[in-house]
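**Q** Just to be clear, the model below is a prediction. Sequence and coordinates:
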Amino acid sequence: MPIYHEACKAVDSLSAADVTEMKGFKTPPVPAVAVAKTLCMFFFVKPVMIAGPTPGSKVPDYWTTAKKDVLTSDLLKKL
């Protein structure tokens, strides 16, 4: 439960500037992508599929989806 309570405190301390900063990353750091993936899963938003490392393969792109559909001005109202 301590991890849960720390996560709740972190979410409560988010500001609109934090969301704007995250959305502004051209090349997001790994932790930002992890947050984007978590938010997409939390809100049941499916990622776009992009070309994978091998020919013909596809991998989920949570970052593009999160920037478009999750990291919005309404995000903090939804949490």
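**A** Received it, and whenever you're ready, just let me know what you need.

**Q** Next, count neighbours for E21.
**A** By the criterion of other C-beta atoms under 10 Å, E21 has 11 neighbours. C-beta: built from backbone N, CA, C; applies to glycine.

**Q** which element follows the helix or strand encompassing it toward the C-terminus?
**A** For E21, the host element (DSSP states H and E) is helix 16-23. As assigned by DSSP H and E, the chain's next helix or strand after helix 16-23 is helix 30-42.

**Q** Flag every buried residue along that following helix.
**A** By neighbour count with 16 or more other C-beta atoms under 10 Å, helix 30-42 contains the buried residues 32-33, 35-37, 39-40.

**Q** Other residues contacting the helix or strand just after it?
**A** Next along the chain after helix 30-42, taking DSSP H and E as the criterion, comes strand 48-51. Here strand 48-51 makes contact (C-beta atoms under 8 Å, 6 or more residues apart in numbering) with 57-61, 64-65.

**Q** thinking again about what came up before, closest one to L76 out of the buried residues of helix 30-42, please.
**A** L39 (11.6 Å; C-beta to C-beta).

**Q** Export the contacts of strand 48-51 to CSV and append columns for pLDDT.
**A** Formatted as CSV, the contacts of strand 48-51 follow (pLDDT from 0 to 100):
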residue, pLDDT
S57, 95
K58, 96
V59, 95
P60, 95
D61, 94
T64, 92
T65, 92
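
**Q** May I see the buried residues of stretch 54-74?
**A** 61-63, 65-67, 70-71.

**Q** and F43, how many neighbours?
**A** Using other C-beta under 10 Å, the number of residues around F43 comes to 13.
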